[in-house]
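**Student:** let me see the structure of the following:
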Amino acid sequence: MKILIKNGRVLDPANDRDEMADLLIENGRIRSVGKNLTAGADRVIDAENCWVTPGLIDMHVHLRDPGQPRKETIETGTAAAAAGGFTTVCAMPNTAPTADNAEVIRYIINRSKETGSANVVPCGAVTVGQRGKVLSDIKQIVASGAAAISEDGKSVANAALMYEALRLCAELNIPMLSHCEDYSFKNSPDIAEETIAARDMLLARRAGARLHICHASAAGTVDLLRDAKSANDKNITGEAAPHHFILSDEDADPADANYKMNPPLRKKSDVAAIVAALADGSIGVIASDHAPHHESEKNVPYERAANGITGLETTVPLCITHLCDTGALTPLALIEKLTINPARVLNIDKGTLSEGADADVTIIDPNERYKINKREFLSKGKNTPFDGRLVNGRVRYTILNGRIVYSRPGGGDRRGADRHVTGRRSEERRGEDGRRT
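**Tutor:** Here you go, the predicted model:
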């Protein structure tokens, strides 16, 4: 199938491209990018006033599959990813059973091929059952298809065990994705994050391993990442989630558990530090930390509620509104943090519109203004503190391997009446708001 995308602003940070151009897709690959392309196509999409970008990559997502279908499944989670413009997601290992063995890793890969609307890159657990006692068979996990390992949601408290895991990461050339939290500090103050971040950076350097700091939220962690960047230490990278560069503890409503997350919301000074680090490149990746929960796990007193919020379907508009529209990031810099940078951390061949690359493409209207409506989410999780927030930026199309898996066309596409998501095996018709009908 040939798809010709016309009149868009092509943003391809991997090739330092920011220009008005057309893009031709053929047989699941990028055929060409250039001016005034006229090749015959099966489908022509008018992307006037829109960004045309590599398929977005979210390297921190909880798909809850296997074992927690009330929260999410690979099918619903990747449908949400497609609606959010993401063509590749990295699935965290806190499933049931834990992704600490080859069988679960293979299940995730196979299930995503059967029902997914996005590429799913599994992340294996560092220790068996994420109990912090015995290392998983990391070599077997990687041989089965895991691109990284993480204890996700917790730290490996035993430094010697963490060091051994990092030595294996160096040997296998995979990154360690580190949740930084020292449990000896009560209520997770900033120092709890900074202490483990500093420890893990030291251990990674000794081991010669690549370390990625997940969901940085504290100014002290930013300082450590900035120091690493200043020292040109390319083995140390970090990510930030939208809620940590938008919300502070002053925004949290103690009556609304949708504000409960881990790391928790920090001070305004921490929020400003995260934004500054995104602006100067000390934090090179934006990830959603998509953490869907069943309503029964959030509709309880704050102290008993589960940690986490959904994010796949809100990341793009929140980033455009709070980073691009404020001048903190240029559009090209934002797309870099959502495409080629996470691809490089995970060492996957994605995140580019180079000729011959996989035709994973996202089309975004950066100007559409609307209110986030959690009832429209394709994710099973509706747990978000951003419901009703006025934002700019709407994903119009998500194309996976040359196939449209999500569309919500605007006035520029004369076939724009059909808004749908297409799974790998079946096409599900959607209503005018993008939901199943």
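**Student:** quick one: mean pLDDT over stretch 67-79.
**Tutor:** Averaging pLDDT along stretch 67-79 gives 98.
**Student:** please identify the buried residues of that stretch?
**Tutor:** The neighbour-count check on stretch 67-79 (16 or more other Cβ atoms under 10 Å) flags 68, 71-79 as buried. (Each C-beta comes from the backbone N, C-alpha and C, glycine too.)
**Student:** what about it, how long is it end to end?
**Tutor:** End-to-end distance for stretch 67-79, by Cα to Cα, to the nearest Å: 18 Å.
**Student:** still on that earlier bit, from the buried residues of stretch 67-79, which land in helices?
**Tutor:** Among the buried residues of stretch 67-79, the ones falling in helices (DSSP state H) are 74-79.
**Student:** now render these as a markdown table, adding distance to residue 119.
**Tutor:** Output for these, formatted as a markdown table (distance: Cβ to Cβ, whole Å):
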| residue | distance to residue 119 |
| --- | --- |
| 74 | 11 |
| 75 | 14 |
| 76 | 16 |
| 77 | 12 |
| 78 | 9 |
| 79 | 14 |
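**Student:** among those residues, find me the one that's closest to residue 221.
**Tutor:** When those are ranked by distance to residue 221 (Cβ to Cβ), residue 77 comes first, at 27.4 Å.
**Student:** show the contacting residues for that closest one.
**Tutor:** Residues near residue 77 by Cβ atoms under 8 Å, 6 or more residues apart in numbering: 61, 63-65, 89, 290, 292, 312, 379.
**Student:** buried subset of these?
**Tutor:** 61, 63-65, 89, 290, 292, 312, 379.
**Student:** what is the nearest of those residues to residue 111?
**Tutor:** residue 65 (6.7 Å).
**Student:** check which helix or strand covers the residue nearest to residue 284 when sequence neighbours are not counted.
**Tutor:** Excluding the flanking residues, the one nearest residue 284 by Cβ to Cβ, 6 or more residues apart in numbering is residue 341, at 4.6 Å. Element membership for residue 341 (DSSP states H and E) is helix 340-346.
**Student:** separation between residue 22 and residue 37?
**Tutor:** 4 Å (Cβ to Cβ, to the nearest Å).
**Student:** who's more crowded, those two?
**Tutor:** More crowded of residue 22 and residue 37, by other Cβ atoms under 10 Å: residue 22, with 21 against 16.
**Student:** need the three-state assignment for that one.
**Tutor:** strand (DSSP: H, G, I helix; E, B strand; the rest coil).
**Student:** beta partners for it?
**Tutor:** residue 34 (DSSP bridges).
**Student:** could I get the pLDDT score of it?
**Tutor:** Residue 22 carries a pLDDT value of 98.
**Student:** which residues of the stretch 301-437 of the chain fall in strands?
**Tutor:** 361-371, 390-400, 403-407, 420-422, 427-429 (DSSP state E, counting those that start in this stretch).
**Student:** quick one: which of those is nearest residue 190?
**Tutor:** Using Cβ to Cβ, the strands of the stretch 301-437 of the chain put strand 390-400 closest to residue 190, at 28.3 Å.
**Student:** just want the angle from the closest one to strand 403-407.
**Tutor:** Angle, strand 390-400 to strand 403-407, by axes from the mean of the first three to the mean of the last three Cα atoms, to 10 degrees: 160 degrees.
**Student:** packing partners of the helix holding residue 341?
**Tutor:** The criterion is 3 or more Cβ pairs under 8 Å, 6 or more residues apart in numbering; DSSP states H and E, and the helices and strands that helix 340-346 contacts are strand 56-61, strand 86-91, strand 236-240, strand 285-286.
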